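Q: sequence plus predicted model, see below.
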Amino acid sequence: TTGLFEVADGTAFFPVSIGQPVAAGFKNLRIGNNTVTPNSIMDITADAVTLDNSSGVAFRVSTVSVSPSSAASGANGLDTGVVAASTWYSIWVIYNPTTATTAGMFSIQSTANATFLSNLPAGYTFYARLGWNITDSSNRFLRILQKGRDVQYVVSSAITTALPIMATGSAGSISIPTWAAVAIGNYV
């Protein structure tokens, strides 16, 4: 609830403003590739996550443990379509208050815009974007590990066998300072 309330300390009443929690707030968030099916499934765990709905009402889910798959559609899958090559996917936790069900979801949408909201599975009205991952040229998720707001690529024997390279070779000059632009869209 948001508003102004009075709190008593035993001798007097004091006005206290209580604000709405911020969506996508979390405690002990961890996102990483599933150990059995790492190419298409991401494991999302958290002690708690704050979600909100299109009216801005917040809801806190506890003991989050979901594993959405890019091979599925809807709750615990893609919001729409099929997984695409070399595409960034936002990672969401969604909630259905009628069935008290928490799920994960991937979307190419970056915000809870009209398109995203129209693609939410039936009954799921609360949501929070918690992370991102990109697919390689064969539609497989790169290996990542996210703890809280910090995320890193994970080098493994498959898929992410080396860290992504932003640029190679020489560019610019150090003797006569000149700079060369490097595209970062595939990394951030």
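A: Yep, that arrived.
Q: for the chain, what's the longest strand?
A: strand 42-52 (DSSP state E).
Q: by contact count, what packs against that strand?
A: Applying 3 or more CB pairs under 8 Å, 6 or more residues apart in numbering; DSSP states H and E, one finds that strand 42-52 contacts strand 26-27, strand 30-33, strand 58-66, strand 88-96, strand 101-107, strand 126-134. To be clear about C-beta, it is placed using only N, CA and C from the backbone, and glycine gets the same treatment.
Q: in it, what's buried?
A: 42-44, 46, 49-52 (16 or more other CB atoms under 10 Å).
Q: report the two of those residues separated the most.
A: The most widely separated members of the buried residues of strand 42-52 are D43 and D52, with 23.3 Å between them, by CB to CB.
Q: near G56, how many other residues are there?
A: Around G56 there are 9 other residues, counting by other CB atoms under 10 Å.
Q: what do you get for the one 5 residues further on?
A: Here the number of neighbours of V61 (other CB under 10 Å) works out to 20.
Q: local confidence estimate at it?
A: pLDDT, V61: 95.
Q: what sits opposite it in the beta ladder?
A: V49 (DSSP bridges).
Q: I'd say it and V93 touch.
A: Yes. Here V61 reaches V93: they are 7.0 Å apart, a contact under CB atoms under 8 Å.
Q: what do the two both touch?
A: Jointly contacting V61 and V93 under the rule CB atoms under 8 Å, 6 or more residues apart in numbering are 49, 51, 102.
Q: okay if I get these as JSON lines plus distance to A72 and pLDDT?
A: Below are the shared contacts of V61 and V93 laid out as JSON lines (distance: CB to CB, whole Å; pLDDT from 0 to 100):
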{"residue": "V49", "distance to A72": "21", "pLDDT": "96"}
{"residue": "L51", "distance to A72": "20", "pLDDT": "94"}
{"residue": "T102", "distance to A72": "16", "pLDDT": "98"}
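Q: now the end-to-end length of stretch 71-78.
A: By CA to CA, to the nearest Å, the extent of stretch 71-78 from end to end equals 8 Å.
Q: can you check stretch 101-116 too?
A: End-to-end distance (CA to CA), stretch 101-116: 19 Å.
Q: and for stretch 36-46?
A: 20 Å.
Q: return the distance of that stretch from the chain's centre.
A: With CA atoms, centre = their mean, to the nearest Å as the basis, stretch 36-46 stands 12 Å off its chain's centre.
Q: just stretch 67-85 next, same as before
A: Here stretch 67-85 is found 14 Å from its chain centre; the criterion is CA atoms, centre = their mean.
Q: what does stretch 61-70 give?
A: 11 Å.
Q: buried residues of it, list them for me.
A: The neighbour-count check on stretch 61-70 (16+ other CB under 10 Å) flags 61, 64, 66, 68-70 as buried.
Q: out of those residues, which comes closest to N34?
A: So of these, ranked by how close each gets to N34 (CB to CB), first place is S69, at 8.3 Å.
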